[in-house]
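> How does the following fold in three dimensions:
(4 chains)
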Number of protein chains: 4
Amino acid sequence: MDRIQEMIQTHPRGQQTNLDRFVDCIHACYECVQVCGMCADACLGEEMVKELTRCIRLNLDCADVCLATGQILSRQTEPEWLMSRLQVEACARACDLCAVECEQHARMHEHCRVCAEACRRCQQACEQLLQTLAANKI
Amino acid sequence: MDRIQEMIQTHPRGQQTNLDRFVDCIHACYECVQVCGMCADACLGEEMVKELTRCIRLNLDCADVCLATGQILSRQTEPEWLMSRLQVEACARACDLCAVECEQHARMHEHCRVCAEACRRCQQACEQLLQTLAANKI
Amino acid sequence: MDRIQEMIQTHPRGQQTNLDRFVDCIHACYECVQVCGMCADACLGEEMVKELTRCIRLNLDCADVCLATGQILSRQTEPEWLMSRLQVEACARACDLCAVECEQHARMHEHCRVCAEACRRCQQACEQLLQTLAANKI
Amino acid sequence: MDRIQEMIQTHPRGQQTNLDRFVDCIHACYECVQVCGMCADACLGEEMVKELTRCIRLNLDCADVCLATGQILSRQTEPEWLMSRLQVEACARACDLCAVECEQHARMHEHCRVCAEACRRCQQACEQLLQTLAANKI
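Numbers count the residues shown, from 1 in each chain, chains lettered A, B, ... in the order given. Down below sits the predicted model:
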């Protein structure tokens, strides 16, 4: 069990259900923050940076949105689901956009391939969390 | 003219229309980041902090969402409007929630009164930007 | 009086002295966050982006450091001055580095000229705050 | 090999030496961002929140400083070591302060125990990176 999971489980007002979905989405969001930030920097260091400006822009956006989403999902005191849902929807969209762009450079740049994977993982974790919330009428 | 406005106007790929709406929303988002962060801290310093935990939580969420929104709206290279719109919608909602909470403490705590104002201003700026984007079919 | 000043003054445990220095530094930090983020994006949109990669890197660093510094200085509950001072020192350095770089592009790119100004303003506000803290043996 | 490590290694201008120290410090910083944010929220949800206000404040500071540090260390294009070192020093200090506080609540609150561990790990990773940089006269 990692520290994020421990923190979720030792929260005084922690919910009892669907913890895995939350932990998975929090992990995916923060991984995406880091990987997108590193992909922006790697693209910036490429000789052909001119052709990667759209990728850098979407990397930066995706990192910002994933950070806000990860932070909000990490909080269990007095949650507000409607707002969280809207943020998770924006996050799934940001990840999809960034993944589509990175996938186009994946053959040429390994960092774009890895970044596309992290974005797809985060997009899926967001979509699964949204389904879980909907199924539980939260 | 302030520096944010100057930066918007000297961008090499800057759009020509609706600049005021964008500048206004960027200003409101970053003001809300600061004021919500300061309201969380002021609430934390109150004797009656126990009754302000929901306020602190929503302050922190609102600050995080406003920061992501301000950062995304500040970028003009290769914009992606659908994603920006989703983020601005989440932001308007976060500001509304935080304002409703702060308004309940506004008589007792001046910092909550000021914070509610900043949240309402940001909510309105977000809603006006969404209307402008819709009117321009962006 | 703006909202940031109001928030500082309505804090339940707010200090009474040197408020101007703090407010000035907080304002300068958050302005620098925004302007540096916008300069990175404007550089990214330039035809000659290849020659601006160092500028973009330093813009992003400076924005990150200024954000952390602004957030910490905005809190008045249970302050820890030694840590705050170290962060303000890192901030002054980040602003200086970014200003030096932007000044080299200031004639060619207006956004770099404005960004250099914001960085210099923030560097000075940080240095003045450090002097004030030292003079008060804080 | 995890994605952060892959990103570091696929960077076009990546350095060849001391990668482990960097990856370790980046991991520790981002873990600390998350755990400190979650500890602030868990403290906020405790009945005895009034006695945890200093802990919450230091959690929030530590999360902000660790985020800036993790972001800067994640970038390998055009690094500026003097500034990075100052930021890592501020980070080690923030982690130490937060750990000292959390350790005092570790017996009573599991989340503070886990958070103290994450802070100590990050402090050590920062100090080891500083030693490595010094040994290599970087």
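> C-alpha only now, for contacts and for neighbours.
Will do.
> I'd say A:D96 and A:Q123 touch.
Yes - contact criterion C-alpha atoms under 8 Å: A:D96 and A:Q123 qualify, at 6.3 Å.
> Which one of these two is surrounded by more residues?
Counted by other C-alpha atoms under 10 Å in any protein chain shown, A:D96 and A:Q123 do not tie: A:Q123 has more neighbours, with 28 against 21.
> Could I get the pLDDT score of the spatially closest residue to A:A106 that is not a sequence neighbour?
What sits nearest to A:A106 in space, not counting adjacent residues and going by C-alpha to C-alpha, 6 or more residues apart in numbering or on different chains, is A:R113, at 4.1 Å. Per-residue pLDDT puts A:R113 at 98.
> what number of residues lie near A:R113?
Neighbours of A:R113 under the rule other C-alpha under 10 Å: 19.
> Check the one 5 residues further on too.
Residue crowding around A:A118 was assessed by other C-alpha under 10 Å; the count is 25.
> Would you enumerate the residues in contact with it?
Shown in contact with A:A118 (C-alpha atoms under 8 Å, 6 or more residues apart in numbering or on different chains): A:A28, A:E31, A:C32, A:V35, D:R3.
> Now the residue nearest to A:A106: which helix or strand?
Assigned by DSSP states H and E, A:R113 falls within helix A:110-135.
> before we move on, the earlier item: so the residue nearest to A:A106 is in contact with A:H105, correct?
Yes - in this structure, A:R113 is within contact of A:H105 by C-alpha under 8 Å, at 7.2 Å.
> can you list the residues of chain A near chain C?
Residues of chain A lying near chain C by C-alpha under 8 Å from any C-alpha of the partner chain: A:D41, A:L44, A:G45, A:E47, A:M48, A:V49, A:K50, A:T53, A:R57.
> which two from those residues end up farthest apart in space?
Spanning the widest gap among the residues of chain A next to chain C are A:E47 and A:R57, at 17.1 Å by C-alpha to C-alpha.
> And the two? Which one has more around it.
A:R57 (23 against 11).
> what separates A:Q131 from chain C, distance-wise?
The gap separating A:Q131 from chain C is 34 Å, by C-alpha to the nearest C-alpha, to the nearest Å.
> got a list of what A:L73 touches?
Contact analysis of A:L73 by C-alpha under 8 Å, 6+ apart lists A:F22, A:I26, A:S84.
> can I get those in JSON lines with neighbour count and pLDDT?
Output for the contacts of A:L73, formatted as JSON lines (neighbours: other C-alpha atoms under 10 Å in any protein chain shown; pLDDT from 0 to 100):
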{"residue": "A:F22", "neighbour count": "21", "pLDDT": "93"}
{"residue": "A:I26", "neighbour count": "26", "pLDDT": "97"}
{"residue": "A:S84", "neighbour count": "20", "pLDDT": "96"}
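> what's the residue of chain A most remote from its centre sitting at in phi/psi?
Most distant residue from the mean C-alpha position of chain A: A:E47, 28.0 Å away (C-alpha atoms, centre = their mean). With angles defined as degrees, to the nearest 10, A:E47 sits at phi -60, psi -40.
> Tell me who's in contact with it.
Neighbouring residues of A:E47 by C-alpha under 8 Å, 6+ apart: C:K50.
> same check, this time on A:V100
A:A116.
> For it, give its distance to A:R113.
Plainly put, A:V100 is 11 Å away from A:R113 if you go by C-alpha to C-alpha, to the nearest Å.
> Same question for A:Q76.
Noted for A:Q76: a distance of 34 Å to A:R113, by C-alpha to C-alpha.
> Please apply the same query to A:R3.
Separation of A:R3 from A:R113 (C-alpha to C-alpha) stands at 28 Å.
> So which bits of the helix or strand A:C98 falls within are buried?
A:C98 belongs to helix A:81-105 when assigned by DSSP H and E. By neighbour count on 16 or more other C-alpha atoms under 10 Å in any protein chain shown, the buried set for helix A:81-105 is A:83-99, A:101-103, A:105.
> and the residue nearest the centre of chain A, what are its phi and psi?
Nearest to the mean C-alpha position of chain A, by C-alpha atoms, centre = their mean, lies A:C29 at 2.9 Å. As for A:C29, its main-chain torsions (degrees, to the nearest 10) stand at phi -60, psi -50.
> ok, now which ones touch the residue nearest to A:C62 when sequence neighbours are not counted?
Nearest non-adjacent residue to A:C62, counting by C-alpha to C-alpha, 6+ apart: A:A94, 5.2 Å away. Residues in contact with A:A94, defined by C-alpha under 8 Å, 6+ apart, are A:L58, A:D61, A:C62, A:V65, B:M83.
> could those residues be laid out in CSV, adding distance to A:L130?
Shown next, in CSV, are the contacts of A:A94 (distance: C-alpha to C-alpha, whole Å):
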residue, distance to A:L130
A:L58, 23
A:D61, 21
A:C62, 18
A:V65, 16
B:M83, 17
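> Could you find the lowest-pLDDT member of these?
Lowest pLDDT among those: B:M83, with 95.
> Model confidence at the nearest residue to A:S74 once chain neighbours are set aside, what's the number?
Of all residues not flanking A:S74 in the chain, D:M38 sits nearest, at 6.0 Å (C-alpha to C-alpha, 6+ apart). pLDDT, D:M38: 98.
> which non-adjacent residue is nearest A:C66?
Excluding the flanking residues, the one nearest A:C66 by C-alpha to C-alpha, 6+ apart is A:C29, at 5.0 Å.
> how close does the one you found get to chain C?
Note on A:C29: its distance to chain C, by C-alpha to the nearest C-alpha, is 19 Å.
> and if you look at A:A94?
In this view, A:A94 and chain C are 17 Å apart by C-alpha to the nearest C-alpha.
> contacting residues around the lowest-mean-pLDDT helix or strand in chain A?
Sorting the helices and strands of chain A by mean pLDDT, DSSP states H and E puts helix A:3-9 at the bottom, at a mean of 94. Contacting residues not belonging to helix A:3-9 are listed as A:G14, A:L19, A:V23, A:S74, D:E31, D:Q34, D:V35, D:M38, D:C39, D:H111, D:V114, D:A118 [C-alpha under 8 Å, 6+ apart].
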